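Undergrad: this is a predicted model, with the sequence first.
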Amino acid sequence: MTMTLQEITEKIRIFRDERDWEQFHNPKDMAMALSIEAGELMEQFLWKTPEEVTTRVFEKREQIEEEVADVAIYLVELADILNIDLFAAMERKIAKNSAKYPAEKVRGSSMKYNEYGA
Ligand SMILES: [Mg+2]
């Protein structure tokens, strides 16, 4: 069963409001919490060689999944607080990135947009 963004947003709101945490969930602290969770995700791979990362993804799947979920939960709630339609914003940004990185120009290259000489 796949939930919609609205349904998961509602679950997050309920979790927050049952604990009276809305008072703490301002945009600044939500952005910080999001970054901290992203750090916890990075920590899963810190100092690991590419081979060790492959092994870790397999062996620590549950922990990695939880950190990915933590990042997503804070992101969805932050978008909700800021009244951002997350999927619409993502769609607009993907379109912007497509224009910035034309496939025929950048295919197979990891250069940044200011390096490939648009
Ligand atoms: Mg975490």
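TA: Sure, I can see it. Numbering: from 1, shown residues only.
Undergrad: contact residues of this structure facing the ion?
TA: Counting by CB under 5 Å from the ion, the chain comes close to the ion at 37, 40, 67, 70. Every residue, glycine included, has its C-beta placed from N, CA and C.
Undergrad: isn't the third one right up against G39?
TA: No: between E67 and G39 there is no contact, the gap being 9.2 Å when judged by CB atoms under 8 Å.
Undergrad: the more surrounded of the two?
TA: E67 (18 against 12; other CB atoms under 10 Å).
Undergrad: what sits closest to the more buried one if chain neighbours are left out?
TA: L41 (4.0 Å; CB to CB, 6 or more residues apart in numbering).
Undergrad: quick one: the one you found and I73, what's the gap?
TA: Noted for L41: a distance of 12 Å to I73, by CB to CB, to the nearest Å.
Undergrad: look up how far Y113 lies from S35.
TA: Distance of S35 to Y113, given as CB to CB: 24 Å.
Undergrad: any idea which element D70 lies in?
TA: Here D70 sits within helix 61-81, counting by DSSP states H and E.
Undergrad: tell me the first helix or strand C-terminal of that helix.
TA: As assigned by DSSP H and E, the chain's next helix or strand after helix 61-81 is helix 86-100.
Undergrad: just checking, what packs against the helix holding D70?
TA: Helix 61-81 sits against helix 5-18, helix 27-43, helix 86-100, with contacts defined as 3 or more CB pairs under 8 Å, 6 or more residues apart in numbering; DSSP states H and E.
Undergrad: so which bits of that helix are buried?
TA: 64, 67, 70-71, 73-80 (16 or more other CB atoms under 10 Å).
Undergrad: one more: stretch 45-64?
TA: Buried residues in stretch 45-64, counted by 16+ other CB under 10 Å: I64.
Undergrad: what mean pLDDT does that stretch get?
TA: Across stretch 45-64, the average pLDDT comes to 98.
Undergrad: with stretch 12-26 instead?
TA: On average, stretch 12-26 scores 98.
Undergrad: tell me the pLDDT at the residue nearest to E67?
TA: For L41, the predicted pLDDT is 98.
Undergrad: repeat that for K112.
TA: On pLDDT, K112 comes in at 81.
Undergrad: helix, strand, or coil at it?
TA: Per DSSP: H, G, I helix; E, B strand; the rest coil, the local secondary structure of K112 is coil.
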